[in-house]
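Undergrad: Test case, fold it:
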Amino acid sequence: MTTVYLSLGSNIDRERYIVAALDALAENFGDLRISSVYESEAVGFKGDSFFNLVVAIETQCSVGRLSAALKAIEDENGRTRQGPKFSGRTLDIDILTYGSAVGDVEGVELPRREITENAFVLWPLAEIAAGDLHPELQQSYEALWSAYDKSAQQLWVVEFKWREHSLPFSS
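TA: Residues are numbered from 1 along each chain as shown. Down below sits the predicted model:
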């Protein structure tokens, strides 16, 4: 089994689609380790604020098969891919890391560049994987978050429940 960290985001009917994503991930991959949910302003375009979080799963799926399964979950939840890259979305699920994989693996660039670029990815990742090392930089997510310029992006924790549990949560 490989530990995989996923980034989830939504800015359209946010609670509905985050809950649907968590349900689908639990159904497909079993136990989840889930960060708090963070709200942040849209990055790269003007739009409604996003809910973002990081989820850890364990899987035996290859990167390509996992990527296809995540795209299917997005599609089942109304994700459209015809618009501009930076636009509103019902659901976005990105593979952040797949074990210690580095480079282009079956069409997925690992680790995902956004880990060190966006607070809405790094903060929740540091929350649930503080001591884990970034596969390329070999620094802990806690250290990367400590060094991050927190004035670059504004985000805040929001109360969120999934299956009667407040997040963060490990099933």
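
Undergrad: roughly how far apart are residue 70 and residue 21?
TA: The spacing between residue 70 and residue 21, counted by C-beta to C-beta, to the nearest Å, is 9 Å. Backbone N, C-alpha and C define where each C-beta goes, glycine included.

Undergrad: likewise residue 38?
TA: With distances defined as C-beta to C-beta, the gap from residue 38 to residue 21 amounts to 15 Å.

Undergrad: Please say which of these two ends up with more neighbours.
TA: The residue with the greater number of neighbours, taking residue 38 and residue 21 and applying other C-beta atoms under 10 Å, is residue 21; the counts read 26 against 22.

Undergrad: what pLDDT does that one get?
TA: In the predicted model, residue 21 carries a pLDDT score of 95.

Undergrad: Report all helices and strands that the helix or strand where it lies contacts.
TA: Of the helices and strands defined by DSSP states H and E, residue 21 is found in helix 14-29. Using 3 or more C-beta pairs under 8 Å, 6 or more residues apart in numbering; DSSP states H and E as the contact criterion, the elements in contact with helix 14-29 are strand 2-10, strand 50-59, helix 63-76, strand 161-162.

Undergrad: okay if I get the ones you listed as CSV plus mean pLDDT?
TA: Compiled in CSV, the helices and strands packed on helix 14-29 are given as follows (pLDDT from 0 to 100):
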stretch, mean pLDDT
strand 2-10, 96
strand 50-59, 96
helix 63-76, 93
strand 161-162, 89
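
Undergrad: closest to residue 128 out of these?
TA: Comparing the helices and strands packed on helix 14-29 against residue 128 with C-beta to C-beta, the closest turns out to be strand 50-59 (6.0 Å).

Undergrad: which parts of the closest one are buried?
TA: Residues of strand 50-59 classed as buried by neighbour count (16 or more other C-beta atoms under 10 Å): 50-57, 59.

Undergrad: Neighbouring strands - and their directions - for it?
TA: Take DSSP bridges as the rule and strand 50-59 pairs in its sheet with strand 2-10 (antiparallel), strand 33-34 (antiparallel), strand 37-40 (antiparallel).
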